[in-house]
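>>> Quick one: sequence and predicted model below, then my questions.
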Amino acid sequence: MAKRAEPDSGWIELIIDSLRGLRYGSVNIVVHDGRIVQIEKSEKHRFDGQAPAAAPAAIHAAPGESRRR
């Protein structure tokens with residue numbers, strides 16, 4: 001059986017930060033040879049027809065405007 005690797009506290013903090021504030025979505029931890037190599041966060045925003053209280057500026061920008069900077 002392969003030796004079990006323990007994730008260091010840096011990875012654990014990144015995982016916790018990825019979960020913090022997440023309401024809808026997922027956090028995927030990618031492991032190669034028993035080592036964490038990547039953390040992927042997929043977040044979904046659900047709308048009920050009303051404008052959010054504090055919308056990100058990118059939503060209100062013209063298409064492609066935020067990519068030019």
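Nice, thanks for sending it over.

>>> alpha carbons only for contacts and neighbour counts from here, please
OK.

>>> in this protein, what spans have low per-residue confidence?
Low-confidence regions of the chain, defined here as pLDDT under 70, cover residues 1-7, 52-69.

>>> if we go to 90?
Per-residue confidence of the chain (counting by pLDDT under 90) places the weak regions at 1-11, 21, 23, 34-35, 44-69.

>>> now the strands for it?
Applying DSSP state E to the chain gives strands spanning 25-32, 35-43.

>>> how about those strands, which one is nearest residue 13?
Comparing those against residue 13 with Cα to Cα, the closest turns out to be strand 35-43 (11.3 Å).

>>> contact partners of that closest one?
Residues lying outside strand 35-43 but in contact with it, judged by Cα atoms under 8 Å, 6 or more residues apart in numbering, are 5, 7, 11, 14-15, 18, 22-31.

>>> remind me, longest helix of the chain?
Across the chain, the helix with the greatest residue count (assigned by DSSP state H) is helix 9-19.
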